[in-house]
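Asker: prediction below, plus the sequence it came from.
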Amino acid sequence: VLVALVIAVPLSWYLMNHWLQNFAYRIGISWWIFALAGVLAVLIAFVTVSFQSIRAALVNPVESLRSE
């Protein structure tokens with residue numbers, strides 16, 4: 001997720017600035033928008049991986065071996 005952020009943030013900032021230059025009334029792009037998006041992406045990834053890891057750790061190994 002962090003590698004994707006390092007690649008996507010500069011690219012998206014450049015593309016958004018280029019696109020917004022075509023408008024007469026232009027808004028500024030703040031750094032905190034990208035920081036918030038990055039924090040949310042990392043948080044979602046962490047919660048997802050943690051949930052799957054905890055669920056796998058709590059499964060009885062006998063049940064897993066029995067189903068194979």
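Answerer: Yep, that arrived.
Asker: counting by contacts, list what the strand or helix carrying residue 50 packs against.
Answerer: Using DSSP states H and E, residue 50 maps to helix 31-58. With contacts taken as 3 or more Cβ pairs under 8 Å, 6 or more residues apart in numbering; DSSP states H and E, helix 31-58 sits against helix 2-20. The C-beta positions use only the backbone N, C-alpha and C, and glycine is treated the same way.
Asker: buried ones in the helix it packs on?
Answerer: Within helix 2-20, the residues scored as buried using 16 or more other Cβ atoms under 10 Å are 5, 9.
Asker: just the mean pLDDT for that helix, thanks.
Answerer: Model confidence over helix 2-20, given as mean pLDDT, is 91.
Asker: please save the CA atoms from that helix in CSV.
Answerer: Extracted C-alpha coordinates of helix 2-20, given in CSV (Å, rounded to 0.1, in the frame of the first residue of the first chain):
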residue,chain,number,x,y,z
LEU,A,2,2.8,2.4,0.8
VAL,A,3,4.6,1.7,-2.5
ALA,A,4,1.3,2.4,-4.3
LEU,A,5,1.0,5.7,-2.4
VAL,A,6,4.5,6.8,-3.3
ILE,A,7,3.7,6.2,-7.0
ALA,A,8,0.1,7.5,-7.0
VAL,A,9,0.3,10.6,-5.0
PRO,A,10,2.8,12.6,-7.2
LEU,A,11,1.1,11.3,-10.4
SER,A,12,-2.4,12.3,-9.2
TRP,A,13,-1.2,15.7,-7.9
TYR,A,14,0.3,16.4,-11.3
LEU,A,15,-2.8,15.3,-13.2
MET,A,16,-5.2,17.2,-11.0
ASN,A,17,-3.2,20.4,-11.3
HIS,A,18,-3.0,20.0,-15.1
TRP,A,19,-6.8,19.4,-15.3
LEU,A,20,-7.7,22.2,-12.9
